[in-house]
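K.L.:
pasting the structure only:
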């Protein structure tokens, strides 16, 4: 059988042709591989370079490979955080003519970390709580979209820094199923699997001495359930308000926005006696601040990064002479936002040497600089400005953190 590539982008097969498909993945020469940390997988997985891209290549049978490829494409269409599916390669044969397993090819998620790499240095409990928050948000987003994961775990997730928190991405959709809507039983089943898997993974870390002594693996497994249920309740509950108190509805919508979600559709019903109003958010989309930042500036960032950048943008806009909200003669927000990108954001990020940035993307760098500026200003009891914060950050912060910022350790 001839080598075949199933891909949506015609450029991808051309980039992949140079790779040694006639060899099993475990025997690929080092010259093709990229030394990035890998999580635990039931399959052989390797990172390789194809043109300018770093890809993840996973060996598995043809039917599950094609199925996972389609599911990852569906998740991309639904704007769910997951790795990008590039191709499925079938018809592989070895040098002696023996059949080799097909492979699924995905794009490496830049700046991402498998959880075991994060535990190479013992994580503080506060950081682990942030990981549970990120995983709970991911699971809720999947369930809102009708996706039953079937194997939610730390091993099947990648984490990226997101302005002091983390963003979680699905990396293994092999066991997933997409439905128009999930039943409570389907959601509970996913959540129970997550609890068992996470507790087991943390018990394994505890046995190896990589877990903080104050962390109880079973309690943290239960924590994902509690965090998930709190978030699901906030996003989907029915609210009953006194008639005429429409600002309560606005307050509920703002609270959802603060969590990073948009209300795309809502249902409002008045009681027959006119005393109460029932409000139900019908469809909830994630990425409220991401979309707002992208619309204003063209910058694509994680949700918490976008929230932080928007706050800085609003503070900067208030200092501009032509900023006049509601005045038709004032500069439009989009114009001011692009000026902020040109005059503030880009020069600030470019002031940090490329070789010191490691795997941090521009939005994360800018967040770090804002945090450092706040710290120095608090210590000095006055605003020191971004320029001075950048200088101090480069001299006193980045050299100490350089090892953890290198791509091969991130």
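P.N.:
Perfect, thanks for sending it. Everything numeric in this text was worked out from a predicted model, so none of it was measured. Numbers count the residues shown, from 1 in each chain.
K.L.:
name the element the residue nearest to the spatial centre of the chain belongs to?
P.N.:
For the chain, residue 167 is the residue whose C-alpha lies nearest the centre (Cα atoms, centre = their mean; 3.6 Å). Taking DSSP states H and E as the criterion, residue 167 maps to strand 165-170.
K.L.:
which other helices and strands contact that strand?
P.N.:
Judged by 3 or more Cβ pairs under 8 Å, 6 or more residues apart in numbering; DSSP states H and E, the packing partners of strand 165-170 are helix 125-144, strand 157-162, helix 303-317. Where C-beta positions appear, they are placed from N, C-alpha and C, glycine not excepted.
K.L.:
residue ranges with poor pLDDT in the stretch 1-150 of the chain?
P.N.:
For the stretch 1-150 of the chain, the stretches flagged by pLDDT under 70 are 1, 10-14, 39, 120-122.
K.L.:
shaky segments in the stretch 251-400 of the chain?
P.N.:
For the stretch 251-400 of the chain, the ranges with pLDDT under 70 are 264-267, 274, 281-286, 324-330, 358-359, 400.
K.L.:
so of the helices and strands packed on strand 165-170, which one's packed in deepest?
P.N.:
strand 157-162 (a mean of 24; mean count of other Cβ atoms under 10 Å).
K.L.:
tell me the mean pLDDT for that strand?
P.N.:
On average, the pLDDT along strand 157-162 is 88.
K.L.:
want to try a markdown table for the helices and strands packed on strand 165-170, with distance to residue 394 as columns?
P.N.:
Listed next are the helices and strands packed on strand 165-170 as a markdown table, based on distance: least, Cβ to Cβ, whole Å:
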| stretch | distance to residue 394 |
| --- | --- |
| helix 125-144 | 25 |
| strand 157-162 | 19 |
| helix 303-317 | 19 |
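K.L.:
ok, which stretches of this protein are strands?
P.N.:
Applying DSSP state E to the chain gives strands spanning 4-6, 45-50, 53-59, 85-90, 103-107, 112-114, 147-148, 157-162, 165-170, 177-178, 239-242, 261-270, 276-286.
K.L.:
What is the fifth one packed up against?
P.N.:
Using 3+ Cβ pairs under 8 Å, 6+ apart as the contact criterion, the elements in contact with strand 103-107 are strand 53-59, helix 62-77, strand 85-90.
K.L.:
Now do it and strand 85-90, the angle between them.
P.N.:
160 degrees (axes from the mean of the first three to the mean of the last three Cα atoms, to 10 degrees).
K.L.:
now do the second one
P.N.:
Strand 45-50 and strand 85-90 meet at an angle of 100 degrees, taking the same axes, to 10 degrees as the criterion.
K.L.:
Same question for stretch 379-390: list its buried residues.
P.N.:
384, 386, 389-390 (16 or more other Cβ atoms under 10 Å).
K.L.:
which outside residues touch it?
P.N.:
Here stretch 379-390 makes contact (Cβ atoms under 8 Å, 6 or more residues apart in numbering) with 344, 348, 351-352, 369, 372-373, 376-377.
K.L.:
Among those residues, name the buried ones.
P.N.:
Here, 16+ other Cβ under 10 Å leaves 348, 352, 369, 372-373, 376 buried among the contacts of stretch 379-390.
K.L.:
What mean pLDDT does the lengthiest helix in the chain get?
P.N.:
Ordering each helix of the chain by length in residues (DSSP state H) puts helix 184-208 first. Per-residue pLDDT values over helix 184-208 give a mean of 93.
K.L.:
who are the neighbours of that helix, in terms of helices and strands?
P.N.:
helix 125-144, strand 147-148, helix 217-236.
K.L.:
Any chance of these in CSV with distance to residue 253 as columns?
P.N.:
What follows is the helices and strands packed on helix 184-208, written out as CSV (distance: least, Cβ to Cβ, whole Å):
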stretch, distance to residue 253
helix 125-144, 16
strand 147-148, 25
helix 217-236, 12
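K.L.:
The ones you listed: which one's closest to residue 33?
P.N.:
Closest to residue 33 of those is helix 125-144 (Cβ to Cβ; 27.6 Å).
K.L.:
now that closest one: how far from the chain's centre is it?
P.N.:
Per Cα atoms, centre = their mean, to the nearest Å, the displacement of helix 125-144 from the mean C-alpha position of its chain is 10 Å.
K.L.:
now the angle from it to helix 303-317?
P.N.:
Going by the same axes, to 10 degrees, helix 125-144 makes 100 degrees with helix 303-317.
K.L.:
Helix 125-144 vs helix 217-236, what angle?
P.N.:
Going by the same axes, to 10 degrees, helix 125-144 makes 50 degrees with helix 217-236.
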